[in-house]
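J.: I'd like to go over a predicted model; first the sequence, then the structure.
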Amino acid sequence: MYQDYLDVLPEIQDALKDGKPVVALESTIISHGMPYPENEKFANDVEGIIRSEGAVPATIAVINGRLKVGLTPDDLSLMASGKNIAKVSRRDLPYLVAMKQTGATTVTTTMMIAAMAGIKVFATGGIGGVHRGAPKSFDISADLQELAHTNVAVVCAGCKSILDIGLTLEYLETFGVPVLCMGTKKFPAFYCKESGFEGDYECDTPEEAAAVINAKWDMGLDGGVLIANPIPDEWAMDPVRMNKVIDEAVAEAERQHIHGKNITPFLLARIKDVTGGDSLASNIQLAFNNARMAARIAAAMK
């Protein structure tokens, strides 16, 4: 079965067996979300942050057709190189495995593989969602369906600002995915602390979030939990400025007929260029912040 395709590092196997906290990490943020060499430094630093909180990091990727849970230093370097590394969502996974190819896992596939390995908590930057113009294009991230069905708690800085955040929250509500906001009721917008929308509930401590996650799964309510963790004040960007930058980037993507899995990397790169790198610095720091929170929640879960 799926165990035949899965390679879990011994350190992670031992931690799961002994009931120690483990935090999953995606690899798309390494291969497709940041430039080299900043991405390799980030990959090592974010694992170090999780370790400093007493948890074990489990960066996930597909390498030569194997589902890797936990990457060696050489594996991390490979993913950072970006050479011949696909972006892997649910639809892509069977092909890459069968053809023994290498790919970086998105939120969707990281959740899937984390669940196969028995990891309950996953830290990322921001989730995908309903794209602007989706009522016509039907462009809705597979992340939302995975959250609806897969028992992994996802710690993020809300939705990427390039999305239709209101429709994304409506979609999550329809599929019964609880949205917990840490320290606030206001739902964050990735680079910005607030989006103009609210989450379902406020949790003031990692222990409160862990209690909600435990209660959901103890009652047999399958599916994920979304934990929205706002970017730290010192790294938050001005929402007026960012909305203008994002609107311009979306318009440019439309002019160039960029869509599907290519649109998010295009928009993030465009935003980084227009902001003079400020958005990349914020992206890195919000991901670090989410890793810390995920480690604390994982430690508080039973």
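T.: Okay, I see it.
J.: Please make it C-alpha for all contacts and neighbour counts, starting now.
T.: Noted.
J.: count of residues packed around Asp74?
T.: Asp74 is flanked by 9 other residues according to other Cα atoms under 10 Å.
J.: any idea of the pLDDT on it?
T.: Here, the pLDDT recorded for Asp74 equals 97.
J.: ditto for Lys186
T.: Lys186 carries a pLDDT value of 96.
J.: low-confidence ranges in the stretch 101-250 of the chain?
T.: Low-confidence segments of the stretch 101-250 of the chain, defined by pLDDT under 70, are located at 133-137.
J.: Kindly list the longest helix within the protein.
T.: helix 278-300 (DSSP state H).
J.: Need the contact partners of that one.
T.: Outside helix 278-300, the residues that touch it by Cα atoms under 8 Å, 6 or more residues apart in numbering are 20-23, 34, 42, 46, 49-50, 53-55, 120-125, 155-157, 190-191, 206-207, 209-210, 229-232, 235-237, 271-272.
J.: tell me which residues of that helix are tucked away?
T.: 278-280, 282-300 (16 or more other Cα atoms under 10 Å).
J.: returning to what we had before: show me which of the contacts of helix 278-300 are buried.
T.: 20-23, 34, 42, 46, 49-50, 53-55, 120-125, 155-157, 190-191, 206-207, 209-210, 229-231, 235-237, 271-272.
J.: among those residues, which are in strands?
T.: Judged by DSSP state E, the subset of the buried ones among the contacts of helix 278-300 located in strands is Val22, Val23, Val121, Phe122, Ala123, Val155, Cys156.
J.: Now do the contacts for the residue lying closest to the fourth one once chain neighbours are set aside.
T.: By the measure of Cα to Cα, 6 or more residues apart in numbering, the closest residue to Phe122 outside its immediate chain neighbours is Ala24, 4.4 Å from it. If you count contacts by Cα under 8 Å, 6+ apart, Ala24 has them with Pro57, Ala58, Thr59, Ile60, Thr110, Ala114, Ile119, Val121, Phe122, Ala123.
J.: got a winner among the residues you listed for most neighbours?
T.: Among the contacts of Ala24, Thr110 has the most neighbours (other Cα under 10 Å), with 32 neighbours.
J.: domains in the chain, as residue ranges please.
T.: 1-119, 125-302 (automatic domain parsing).
J.: So what touches stretch 45-56?
T.: With Cα under 8 Å, 6+ apart as the test, stretch 45-56 has contacts from 12, 15, 20-23, 57, 287-288, 291-292, 295-296, 298-299.
J.: Let me know the average pLDDT across it.
T.: Per-residue pLDDT values over stretch 45-56 give a mean of 98.
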